[in-house]
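>>> return a 3D structure for these sequence lines:
(chains A and B)
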Amino acid sequence: NAGVTQTPKFQVLKTGQSMTLQCAQDMNHEYMSWYRQDPGMGLRLIHYSVGAGITDQGEVPNGYNVSRSTTEDFPLRLLSAAPSQTSVYFCASSYSNSPGYEQYFGPGTRLTVT
Amino acid sequence: KQEVTQIPAALSVPEGENLVLNCSFTDSAIYNLQWFRQDPGKGLTSLLLIQSSQREQTSGRLNASLDKSSGRSTLYIAASQPGDSATYLCALDMIKAAGNKLTFGGGTRVLVKP
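Presented below is the predicted three-dimensional model:
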């Protein structure tokens, strides 16, 4: 299994540009989520999905959209990038959408917005 | 609101010494506690998961304990090696949290000197 994969690894955007961060997992996990990691702020949940066709907001959802059309993929869209979205983005997945299961993280995407 | 604290923020030890990493939390209503390792510029690697009903988990040179009554978990790494140099994060799966959100501590940055 490749586990949780993310592309791209690095990205530089200008303010106002849009882009999609890709996340895929090959473990048939029901639950997937996106976090951002910022110095001094730790990791914060952006959006999550408990299964195909079902998504919900985390604690910092503004400026981001998600969809889950398949079990494997959970892309994160930035519609109009802002410098405040400069961060490292991690995708995570878990076997079940029930709480208490181990979560697995991808390698991250480092995004810089100028 | 759950507060998760990891002290010290940074630790430097000579090779061969045992490492003791601390994680304290204020709300003991958790499903589990997970310890992660993060190498510079990399993603999070899951090390150990302790369910709420468990007192400890072991994997090789790693041992993690959980004491919910005192709001503490400790990660022990025996006979440290330079390859153990990384940032170690603890994360709690809270019963009250929506979306299986993990609440992370700030991490302890470990340097093992040869």
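>>> residue B:13 contacts residue B:113, correct?
Yes. Counting by CB atoms under 8 Å, residue B:13 touches residue B:113, with 7.1 Å between them. Any C-beta I mention is one placed from the backbone N, CA and C, and that applies to glycine too.
>>> who has more neighbours, the two?
Legend: neighbour count by other CB atoms under 10 Å in any protein chain shown for residue B:13 and residue B:113, higher for residue B:13 (17 against 11).
>>> give me the helices and strands touching the helix or strand that contains that one, please.
Following DSSP states H and E, one finds residue B:13 within strand B:10-14. Packing contacts for strand B:10-14, counted by 3 or more CB pairs under 8 Å, 6 or more residues apart in numbering or on different chains; DSSP states H and E, involve strand B:19-25, strand B:108-113.
>>> ok, now with 7 Å
strand B:108-113 (3 or more CB pairs under 7 Å, 6 or more residues apart in numbering or on different chains; DSSP states H and E).
>>> next, the angle strand B:19-25 makes with the strand it packs on.
Angle of strand B:108-113 versus strand B:19-25, following axes from the mean of the first three to the mean of the last three CA atoms, to 10 degrees, is 180 degrees.
>>> so for strand B:108-113, what gets flagged as buried?
Across strand B:108-113, burial judged by 16 or more other CB atoms under 10 Å in any protein chain shown covers B:108-110, B:112.
>>> mind putting these into a markdown table with distance to residue A:86?
Formatted as a markdown table, the buried residues of strand B:108-113 follow (distance: CB to CB, whole Å):
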| residue | distance to residue A:86 |
| --- | --- |
| B:108 | 25 |
| B:109 | 22 |
| B:110 | 27 |
| B:112 | 31 |
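>>> can you name the two of the residues you listed that are farthest apart?
Spanning the widest gap among these are B:108 and B:112, at 12.5 Å by CB to CB.
>>> neighbouring strands for the helix or strand of chain B with the lowest mean pLDDT, and are they parallel or not?
Taking mean pLDDT, DSSP states H and E as the measure, the helix or strand of chain B with the lowest value is strand B:102-104, at a mean of 91. Next to strand B:102-104 in the sheet, as set by DSSP bridges, lie strand B:86-94 (antiparallel).
>>> great, nothing more from me.
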